[in-house]
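Engineer: sequence unknown, structure follows:
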């Protein structure tokens with residue numbers, strides 16, 4: 001395995017390769033970002049879009065290519081995103097919000113988004129843009145982040 005990737009999985013500081021990296025933030029309470037639905041089909045990930053990238057497991061035992069919902073932009077080169085999962089055990093687990101099925105899952109399975117683990121994703125680490133989450137479901141996620149974790153999101157219609 002490449003040295004930087006092994007170090008990343010072990011939680012050590014690593015120099016990212018040219019392609020960039022994905023880094024887990026401590027938790028969703030660490031951010032006070034203003035959420036806004038802004039998908040643009042311009043080749044750059046925007047809030048409201050579903051992207052795919054390689055994400056390390058929390059126990060650093062490996063990684064998985066998975067879909068993420070972009071919820072904000074940290075800076076011009078990095079987005080903040082939340083993991084999606086289609087595992088049916090998610091409704092019984094804390095901090096997972098039901099999204100239902102979407103174009104990001106080729107099997108049409110229901111999906112859940114994890115609210116408490118925010119990932120910082122370098123634009124260069126994004127493998128592809130997969131879909132746009134509709135405004136209503138994005139608002140549901142944004143309201144959950146606002147109410148549960150202190151993110152800024154205006155009440156729809158205000």
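Structural biologist: Received, thanks. Owing to the predicted nature of the structure, the values given are computational and were not obtained by experimental measurement.

Engineer: So which bits of whichever helix or strand residue 145 is part of are buried?
Structural biologist: Element membership for residue 145 (DSSP states H and E) is helix 135-149. For helix 135-149, the neighbour count (16 or more other C-beta atoms under 10 Å) marks 137-146, 149 as buried. To be clear about C-beta, it is placed using only N, CA and C from the backbone, and glycine gets the same treatment.

Engineer: tell me which of the residues you listed is nearest to residue 43?
Structural biologist: For those, the residue nearest residue 43 by C-beta to C-beta is residue 138; the value is 19.9 Å.

Engineer: Would you mind measuring from the closest one to residue 57?
Structural biologist: As judged by C-beta to C-beta, to the nearest Å, residue 138 and residue 57 stand 26 Å apart.

Engineer: which residues are in contact with stretch 79-94?
Structural biologist: Applying C-beta atoms under 8 Å, 6 or more residues apart in numbering, the external contacts of stretch 79-94 come out as 25, 31, 33, 45, 47, 50-51, 55, 66-74, 96, 98-99, 104-105, 107, 109-121, 123, 126, 141.
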